[in-house]
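**Student:** Sequence first, predicted coordinates after that:
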Amino acid sequence: MIKYGLPIFAALALTFAIFKIVHSQPVHAKLMPPAAPPSSVYANQVGAVGLVEAESENIAISLPVPGLVTRVDVKAGDHVRKGARFFSLDDRDLEAELALRQSSLALAETRLEKLAMTPRPEDLPPAEAKVREAEQLYQDTAVQLNLIESVRDKRAIRDEDLQRRRLAVKAAEARLDGAKADLALLKAGTWKPDLDIARAEVEEARRQVERVEADLTRLVVTAPIDGEILQCKVHAGEYAQAGPLVQPLILMGATARLNVRADIDEQDAWRVKAGATATGTVRGNSGERLPLHFVRVEPYVIPKRNLTGDSTERVDTRVLQVIFTLDKGARVYAGQQLDVFIDAGGQK
């Protein structure tokens, strides 16, 4: 048993070890790609990565002032008309201020109306009565003076009484002149500078109301153009910040036609001419080729921003952006990447 058992056990162990080693080796199977890579379209071409965008370019909706969102009226995918409401901010403080400004305007207008209606018909009879009263007093003092002056024997009257009668006549005459002047002033109405000041106060109060109304209008965000809501990242109850944001509150654009923004490496930029024809293929569906129609060339070369994720891709490259448009009904979405092939003609 010892003589034959150990060699047999060793042989079995060696066989098992060889079997495990053979079956544990990785199998290099030949796998086909899930989708065929894009193939050459033109004899001489320039390749680029294109990004689908709205015809109007993607518009990132922002705010002039920050605030609490109280209402959202749109969602992604909605088609809106110019001026349609997107969302609203909290306006309670401005509504209260508007009511206060409107009260001030009403008060200023009432004050102006009062000055413009002066004098009232009821104000004239008392003033005219005062004039008549002053006339009667003047006539009475004049009669008293005439009586004392008609005395031939001056020794019969005191000089003091004569002087007092003359002073009384002058005082009555002054009161009559004052009553007449008051009546004339009342009939003349409000002084023009006073009316001008009142009108200026009304205009200032109206401007204050318009300013608050303008501030209220700024709290309602509306559509700048006809288009489609591509993204909606704002919700009721959130605090919305003003200014440019990394993630726009709402992204929209005119999507009746879609454009493709192709990034061409600066080393190949000289090979692309205005009016060049191009073809695009959707990632994952290289069999379908979409015709692209030249729109324009962005004349400023910019750093590359649209990265494909390729490990060999250089991120310090500058690119020339060429805009193409797609046919209506193309089955692509804004933000989708295309492989773009541009006909370079006879250039090499």
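**Tutor:** Happy to help now that I have it. Numbering: from 1, shown residues only.

**Student:** Report the distance from the top strand by length along the chain to the chain centre.
**Tutor:** In the chain, ranked by residue count with DSSP state E as the criterion, the top strand is strand 285-297. For strand 285-297, the distance between its averaged C-alpha position and the chain's averaged C-alpha position is 35 Å (CA atoms, centre = their mean, to the nearest Å).

**Student:** who's in contact with that strand?
**Tutor:** Contacts of strand 285-297 from elsewhere in the structure, counted by CB atoms under 8 Å, 6 or more residues apart in numbering, are 35-39, 41, 50, 259-260, 272, 274-282, 320-327, 330, 332, 338-340. Quick note: C-beta positions are derived from backbone N, CA and C, even for glycine.

**Student:** Mind checking which of those land in strands?
**Tutor:** Judged by DSSP E, the contacts of strand 285-297 include 50, 259-260, 278-282, 320-326, 338-340 as members of strands.

**Student:** buried subset of those?
**Tutor:** Applying 16 or more other CB atoms under 10 Å to the ones in strands among the contacts of strand 285-297, the neighbour count classes 50, 259-260, 278-282, 320-326, 338-340 as buried.

**Student:** Tell me the pLDDT of residue 70.
**Tutor:** In this model, residue 70 is scored at 94, pLDDT.

**Student:** gap between it and residue 87?
**Tutor:** The gap separating residue 70 from residue 87 is 8 Å, by CB to CB, to the nearest Å.

**Student:** Mutual contacts of those two, please.
**Tutor:** What both residue 70 and residue 87 touch, as defined by CB under 8 Å, 6+ apart, is the set residue 236.

**Student:** which other helices and strands contact the top helix by length along the chain?
**Tutor:** The residue-count maximum for a helix in the chain (DSSP state H) belongs to helix 159-188. For helix 159-188, the helices and strands in contact under the criterion 3 or more CB pairs under 8 Å, 6 or more residues apart in numbering; DSSP states H and E are helix 124-149.

**Student:** The helix it packs on: which residues count as buried?
**Tutor:** Under the neighbour-count criterion of 16+ other CB under 10 Å, helix 124-149 has 127, 130-131, 134-135, 137-138, 141, 144-145, 148 buried.

**Student:** swap in stretch 169-189?
**Tutor:** For stretch 169-189, a neighbour-count test (16+ other CB under 10 Å) marks 169, 172-173, 175-176, 179-180, 183, 186 as buried.

**Student:** got the domain boundaries for the chain?
**Tutor:** Listed domain ranges for the chain are 45-55+257-343, 62-89+219-253, 99-214 (source: automatic domain parsing).

**Student:** Quick one: closest of the ones you listed to residue 23.
**Tutor:** domain 45-55+257-343 (33.1 Å; CB to CB).

**Student:** Return the residues in contact with residue 325.
**Tutor:** Under the criterion of CB under 8 Å, 6+ apart, the contact partners of residue 325 comprise 55, 257-260, 292-293, 295.

**Student:** same check, this time on residue 59
**Tutor:** For residue 59, the residues meeting the contact criterion (CB under 8 Å, 6+ apart) are 224-225, 227, 251-253.

**Student:** mind running it again at 6 Å?
**Tutor:** 252-253 (CB atoms under 6 Å, 6 or more residues apart in numbering).
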